[in-house]
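K.L.:
3D model of this:
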Amino acid sequence: MRTFRHARLLAAAGATLATLALTACENGTGTQDEGASKPTASTTTQQPSNGEQPAGSTETKQPSSGTEQSGRTDEPAASDVAICNGSNTKVTAQPVSRPLNHMLLTVTNTGAKPCSLMYYPVLRFDEMQWVPQAMADSKPQAVPTLDPGASGYAGVLLSAADGSGEGGMTGKKLTVAFQGTTPNSSGGASATPALPAKGMYYDSTLSVTYWQSEAEDALAY
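P.N.:
Numbering: from 1, shown residues only. So this is what the prediction gives:
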């Protein structure tokens, strides 16, 4: 008798649970725990994967280098630099007492923007049919660039101090040609600096330095 009553109680409980489940499915709410807190809306803003700031953001993006760039950099842009030549410079040629048998070429930028002295000057006395060689060990680490009003220099060995040179003669006119961005290319107009009235004596050892930023460097060879 007790067993039969227990079985009836279990059957009734099962029927009650089935009724509750059916009611939950019909109203679309499903089974919810009593007292469970409702989830709150998230306030986190998802950052775009491409690194752009979301609309309304006040965050300022810092430069990757950690410092802001302002004004003009130390080196001018290539488009702002001309090639030094006879049209934008003044060229002088002066004999010096030391070293012996040397001449100093000075080129002063008379233009409105910086110019670069490429390689070395190409010299020609009068109607000379050969080109003096450049002193290879005088090549600077960087091309001298002259701001307006600044000067560059080249040293010229006119003749051998020991008399070992050949074909010595006196030049009355000097032409200084400028090179372009590639060796032996034309850099533009030549210059004809004035020489002393007696002219300049030279021989087969005539040679020239690369353009330098300092006169002392030009006369060190």
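K.L.:
neighbours of residue 174, how many?
P.N.:
Residue 174: 24 surrounding residues under other CB atoms under 10 Å. C-beta here means a position set from N, CA and C on the backbone, and glycine is covered the same way.
K.L.:
wait, isn't it in contact with residue 199?
P.N.:
No. Contact criterion CB atoms under 8 Å: residue 174 and residue 199 do not qualify, at 9.3 Å.
K.L.:
for the chain, which segments count as helices?
P.N.:
Listed in chain order, the helices of the chain (DSSP state H) span 2-27, 215-218.
K.L.:
weakest of these by average pLDDT?
P.N.:
The minimum mean pLDDT among the helices of the chain belongs to helix 2-27 (a mean of 43).
K.L.:
mind saving the C-alpha coords of stretch 147-160 as PDB?
P.N.:
In PDB, the C-alpha atoms belonging to stretch 147-160 read as follows (Å, rounded to 0.1, in the frame of the first residue of the first chain):
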ATOM      1  CA  ASP A 147      74.200  78.000 -48.400                       C
ATOM      2  CA  PRO A 148      73.800  81.400 -50.000                       C
ATOM      3  CA  GLY A 149      76.900  83.500 -49.200                       C
ATOM      4  CA  ALA A 150      79.000  80.500 -48.100                       C
ATOM      5  CA  SER A 151      82.200  79.300 -49.900                       C
ATOM      6  CA  GLY A 152      83.800  76.100 -50.900                       C
ATOM      7  CA  TYR A 153      87.400  75.500 -52.000                       C
ATOM      8  CA  ALA A 154      89.800  73.400 -54.100                       C
ATOM      9  CA  GLY A 155      93.600  73.300 -54.000                       C
ATOM     10  CA  VAL A 156      95.600  73.200 -57.200                       C
ATOM     11  CA  LEU A 157      99.200  71.900 -57.400                       C
ATOM     12  CA  LEU A 158     100.700  73.900 -60.300                       C
ATOM     13  CA  SER A 159     104.100  72.400 -60.700                       C
ATOM     14  CA  ALA A 160     106.500  70.000 -59.000                       C
END
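K.L.:
can you list the buried residues in that stretch?
P.N.:
151-160 (16 or more other CB atoms under 10 Å).
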